[in-house]
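**Q** Task: produce atomic coordinates for the following.
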Amino acid sequence: MTLLIDGLISDEDIAELGAMEGLNFDKARSSILKSMNSINVQACPGSGKTTLIAAKLILLAKKWPYHDRGICVLSHTNVAKNEIIDRLINSKTREARNLLSYPHFIGTIQEFVGKYISHPILRSEAIHINQVDTDVCVDLIYSRLSHGTRKYIDGKNKYSNVLYDFELKYENKDFSFKIPTWPNGSATNSYKNLENVRTNLFLEGYFFYRDIFTCADMVLNECPYIKQQLQSRFPFIFIDEMQDTQEYQDIIISQFFPQKSTAIAVQIFGDPDQAIFNGIKSEKPNRSYNIRKRCEMDFVIEKSHRFDDSIAKKISKLSYNEIPLETELAQPSIQERRQIHNSTGDFQHTILLYNDKTIQKVIPAYADLVSGQFSASYKNKEVNGKKMFCVKAIGAVGKEIENEADLRIGNFWPEFHKEKSIKGFKEKTFIDLVRYCRKSQNIDWAQNYKLLFSGYLKIIRISGKMDAECRYFNNSTFRTFIEERGYWKRLQYLSYALLLDKYSLDETFWKKVQDFMRTAFELSVPSSEVDEYLKYENQPAAVDSNVNSKELKLNKLPDNKILHRKDNFHIELSTIHGVKGETHDATLILETRNNVKDIEVMIDFLTGDRPASDFPNQSLKETPKCKAANKQFLRQLYVAASRPRHLLCLAINEKHINDKQFKALQKLGWNFGPEPETEQELRHG
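**A** Prediction:
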């Protein structure tokens, strides 16, 4: 079927949209908006990629010629999906909202593969889709294991890490499971127990996220006609954040929506330079996009409106694809940003040198620097009662310190604990979850409400109760169960009280919460797992550490935050993976060690003296040291260094910078601190 979309978007359409939405599109972006073919786009940090995708969707919505064929928008994460949806909802163009309903689709790759490929075939086999959630499956598997198997798994250290390795395989027209720790099978009782538990969960409709793609692979082999049906239904496909997709996701999507097909247009957006989530754990990274060289991209957006050239020039050499990063800020915007500075001057991007004795003075020194660089009005800026000033200190390795050779975030700030970070939160007890919901400022109320109900479902799940059809409860059957018992309104009231700080979470109140849940959820059978999850725990009090740096005092707070007493702003500690996609006012990157000390092997990149490497646009001989740096940290450092709008800082051991590098970095505009009494003190401690 021939597509009726050639020449659909004109320069006049783009100009009209820009005027209506207050947007400005340069030549490169206008070319992307007008393109109706399959393309690959590399967009640098802060380039407005989501704005560009939303703009193109709006333009297509105004002229879309089909009533029964739609546009498919696939993202890697819910965050990216919701950002696109919000742009369409808030658009001044009325037709933009048409994309939120039939025949169009906007969602994650996971959602799409489930809804249109895997779920229908599973239902045809009388398998009810109860829940697709790897975490839930791991909890359920562990709860059903025999005592002997549990003991075996516990002995493997952190059972969840072992049980996450379950893999559904489709071979020889049949499904089977790869059982963790026994890739080649076994006749042991523990193996049989694990296989039976996992098989029963599958038949009951509980799936790992990865399972859905294995089922899609089966569909592709057994029902190849579905590929043509989907291409007919969705002739125009957008894929966002492509750099973070795994190989198994890439294979399925590229087989159903091949870019080489003349029947469809597949437009892919991302940034291989920021590919730090692909290839996680044992998964392989995608090969269709991240291996593309700069010259193999159809479009490259090199200009960012997140930061000015003082940051762009410092981090452009970290681009794996060697993108010549530039600022897109016009002079009036740059002048306006200078007013944010404490003295309407330029921000002092600083390398904080430390040694073994001074490593824990790095963050206080950073706090001093931030305090002195930003104006008082900007540090105290609020919108709808929420403080907007965002300051973070981040590092690649957040794991606990295990020996003296380690170099991790905790070496700089001993109270840092990776598991307490807001991102990737996973509670140990229900009161942990409630406290998280109360203090989370980055998640809206509806999401907190949903998270609270996930806790309710976990309580009733670990109790062993089943719904009327002998399945584990989902949101719908749980509500029916509570309503039938006459406790729904009281549960809603309790939810509001838990979320909205109506009552203090003291031990007396928590006893009432426990009693209500045991009655409402019908938890009459004693369960040590339920007792452990519902137990009361005191909240750790904020520790006043009185860390001094030039009379400045910092307070340690929960959730890896530090309070700057004088200016009343927070410094949040996190891993680099934890801040992917964020924008900060100031960012400090802490040197850590994972096989090699990461920033140390990156210094030649920072100076612009690019070492021999395996860069896609160079043909230089690679050294083992540089190879490790490229594979482990180059993209992470690029992601980290491109987070701040205004102030970028690095923490580097003074031993890792030689005199030549020191002078080169100074020449590039880097400052060094903390301020020493003499240069000798700075260079050699």
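**Q** And the helices in the stretch 551-685 of the chain?
**A** 603-607, 624-629, 635-641, 659-667, 679-684 (DSSP state H, counting those that start in this stretch).
**Q** Can you tell me which of the ones you listed has the worst average pLDDT?
**A** Lowest mean pLDDT within the helices of the stretch 551-685 of the chain: helix 679-684, a mean of 41.
**Q** Which parts of the stretch 1-150 of the chain are helices?
**A** Counting by DSSP H, counting those that start in this stretch, the stretch 1-150 of the chain has helices at residues 11-21, 27-34, 49-63, 78-89, 109-113, 119-124, 134-144, 147-154.
**Q** er, the stretch 201-350 of the chain I mean
**A** According to DSSP H, counting those that start in this stretch, the stretch 201-350 of the chain carries its helices in the segments 209-222, 225-233, 247-256, 309-315, 331-338.
**Q** What is the third one packed up against?
**A** Helices and strands in packing contact with helix 247-256 are listed as helix 109-113, helix 209-222, helix 225-233; criterion 3 or more Cβ pairs under 8 Å, 6 or more residues apart in numbering; DSSP states H and E. All C-beta spots, glycine's among them, are computed from the backbone N, C-alpha and C.
**Q** for the chain, which helix is longest?
**A** Counting by DSSP state H, the longest helix found in the chain is helix 445-462.
**Q** buried sites along that helix?
**A** Within helix 445-462, the residues that count as buried by 16 or more other Cβ atoms under 10 Å are Asn448, Leu451, Leu452, Gly455, Tyr456, Leu457, Lys458, Ile459, Ile460, Arg461, Ile462.
**Q** hang on, the second one packs against Cys437?
**A** When you say that, I think you mean Leu451. Yes. Between Leu451 and Cys437 there is a contact under Cβ atoms under 8 Å: 6.0 Å.
**Q** Give me the distance from stretch 143-160 to the chain's centre.
**A** Distance of stretch 143-160 from the chain centroid (Cα atoms, centre = their mean, to the nearest Å) equals 30 Å.
**Q** residues in contact with that stretch?
**A** Surrounding stretch 143-160, the residues in contact under the criterion Cβ atoms under 8 Å, 6 or more residues apart in numbering are 138, 142, 162-163, 181, 189-190, 193-194, 197, 200-201, 461-462, 464, 529.
**Q** Tell me which residues touch the nearest residue to Ser333 once chain neighbours are set aside, please.
**A** Nearest residue to Ser333, sequence neighbours excluded (Cβ to Cβ, 6 or more residues apart in numbering): His305, at 7.9 Å. Counting by Cβ under 8 Å, 6+ apart, His305 makes contact with Gly46, Ser47, Gly48, Thr327, Glu328, Leu329, Ser333.
**Q** picking that back up, comparing the helices and strands packed on helix 247-256, which comes out most buried?
**A** helix 109-113 (a mean of 22; mean count of other Cβ atoms under 10 Å).
**Q** What is that helix packed up against?
**A** Using 3+ Cβ pairs under 8 Å, 6+ apart, the elements in contact with helix 109-113 are strand 71-75, helix 209-222, helix 247-256.
**Q** Contacts for that helix next, please.
**A** Under Cβ under 8 Å, 6+ apart, the answer for helix 109-113 is 72, 74-76, 105, 132, 209, 212-213, 216, 239, 245, 249, 252-253.
**Q** average pLDDT for it?
**A** 95.
**Q** Next: stretch 404-415.
**A** 88.
**Q** Over to stretch 383-401?
**A** 87.
**Q** Could you give me the buried positions within it?
**A** Residues of stretch 383-401 classed as buried: Phe389, Cys390, Val391, Lys392, Ala393, Ile394, Gly395, Ala396, Val397, Gly398 (neighbour count, 16+ other Cβ under 10 Å).
**Q** For the helix or strand hosting the fourth one, which outside residues touch it?
**A** What it means is Lys392. Lys392 belongs to strand 391-395 when elements are defined using DSSP states H and E. Residues from elsewhere that reach strand 391-395, judged by Cβ under 8 Å, 6+ apart: 363, 366, 370, 408-409, 412-413, 569-576, 578-579, 582, 584-592, 640, 643.
**Q** do stretch 63-71 as well
**A** 4-5, 8-9, 13, 57, 60-61, 98-99, 102-105, 232-238.
**Q** Repeat the analysis, applying 10 Å as the threshold.
**A** Contacts to stretch 63-71, defined as Cβ atoms under 10 Å, 6 or more residues apart in numbering, come from residues 1, 3-5, 8-10, 13, 56-57, 60-61, 95, 98-99, 101-106, 231-238, 265.
**Q** could you flag which of the residues you listed are buried?
**A** Once neighbours are counted (16+ other Cβ under 10 Å), the buried part of the contacts of stretch 63-71 comes down to 3, 5, 8-9, 13, 56-57, 60-61, 98-99, 103-106, 231, 234-238, 265.
**Q** Gln348: which of the helices of the stretch 201-350 of the chain is closest?
**A** The closest approach between Gln348 and any of these, judged by Cβ to Cβ, belongs to helix 309-315 at 9.6 Å.
**Q** chain center to the longest strand along the chain, what's the gap?
**A** Longest among the strand segments of the chain by residue count, using DSSP state E, is strand 644-653. Offset of strand 644-653 from its chain centre (Cα atoms, centre = their mean): 21 Å.
**Q** which ones are touching the residue nearest the centre of the chain?
**A** Centrality entry for the chain: nearest residue to the mean C-alpha point is Lys580, 5.6 Å, by Cα atoms, centre = their mean. Contacts for Lys580 (Cβ under 10 Å, 6+ apart) come out as Thr77, Val79, Glu241, Asp244, Gln274, Ile276, Phe277, Lys423, Gln636, Val639, Ala640, Arg643.
**Q** circling back to that earlier point, farthest pair within the buried residues of helix 445-462?
**A** Between any two of the buried residues of helix 445-462, the greatest separation by Cβ to Cβ is 21.5 Å, found for Asn448 and Ile462.
**Q** Tell me, how many residues neighbour the closest residue to Arg518 other than its chain neighbours?
**A** For Arg518, ignoring the flanking residues on the chain, the nearest one in space by Cβ to Cβ, 6+ apart is Ser524 at 7.6 Å. Burial measure for Ser524: 9 neighbouring residues, criterion other Cβ atoms under 10 Å.
**Q** can you check Asp86 too?
**A** For Asp86, using other Cβ under 10 Å, the count is 12.
**Q** so it makes contact with Ala96?
**A** No. Using Cβ atoms under 10 Å, Asp86 is not in contact with Ala96; the gap is 11.1 Å.
**Q** tell me, what's touching those two both at once?
**A** Joint contacts of Asp86 and Ala96 (Cβ under 10 Å, 6+ apart) are Ala54.
**Q** tell me which element Ser377 is part of?
**A** helix 376-379.
**Q** From the contact counts, what lies against that helix?
**A** With contacts defined as 3 or more Cβ pairs under 10 Å, 6 or more residues apart in numbering; DSSP states H and E, the packing partners of helix 376-379 are helix 362-373.
**Q** where does the helix it packs on sit relative to the chain's centre, distance-wise?
**A** Distance of helix 362-373 from the chain centroid (Cα atoms, centre = their mean) equals 27 Å.
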